[in-house]
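Peer 1: Sequence and predicted structure below; questions after.
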Amino acid sequence: MRKFLSISFVFILLSIVSISWTSKKPNVTKYYDECTVKGVFTGEAKSSNGVVSQMTYDFRDNNLAIGMSSPTGSAVTFGGYKASCDSVYISVCYTGNMSYYLLKGKFSEDHNIITGTYQNKVTTTDKGTFSITRL
């Protein structure tokens, strides 16, 4: 009788553990966000001195940001970006002068335009505004 009770207890315990494991909802991280920035944006930057230049950013997976002087040009900046549903921060190194730039932008309501400011973090007088549109 004692052996039967021990075996019954083990069986009941295993059943309870099995049920508790299978009834738990998995803890799944949501990797897709409706506010994710990906794709190519192009437009213009205007320095505080009034100089206007074309700029293009390619926002890729893993928060990689690659900047070009035109949509078909070669890469001139490399770095990363952090986006929320209403804004984006882009931190890149410009190979032309080996300086780090911080770009702070706001999205348009439809997320197709980013407008904001940029500043060279090495030469702080090098700053301006930009506006880029999704291609």
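Peer 2: The structure has been received and is ready for your questions.
Peer 1: C-alpha from now on. contacts and neighbour counts both.
Peer 2: Noted.
Peer 1: Identify each buried residue in stretch 106-121, please.
Peer 2: Neighbour counts using 16 or more other CA atoms under 10 Å place 106-107, 111, 113-120 of stretch 106-121 among the buried residues.
Peer 1: Mind picking the two most distant members of those residues?
Peer 2: 111 and 120 (25.3 Å; CA to CA).
Peer 1: residue ranges of the strands in the protein, please?
Peer 2: Applying DSSP state E to the chain gives strands spanning 39-47, 52-60, 64-68, 75-83, 87-94, 99-107, 113-120, 127-134.
Peer 1: okay, these in a markdown table with mean pLDDT next?
Peer 2: Shown next, in a markdown table, are the strands of the chain (pLDDT from 0 to 100):
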| stretch | mean pLDDT |
| --- | --- |
| strand 39-47 | 97 |
| strand 52-60 | 97 |
| strand 64-68 | 97 |
| strand 75-83 | 96 |
| strand 87-94 | 97 |
| strand 99-107 | 97 |
| strand 113-120 | 98 |
| strand 127-134 | 98 |
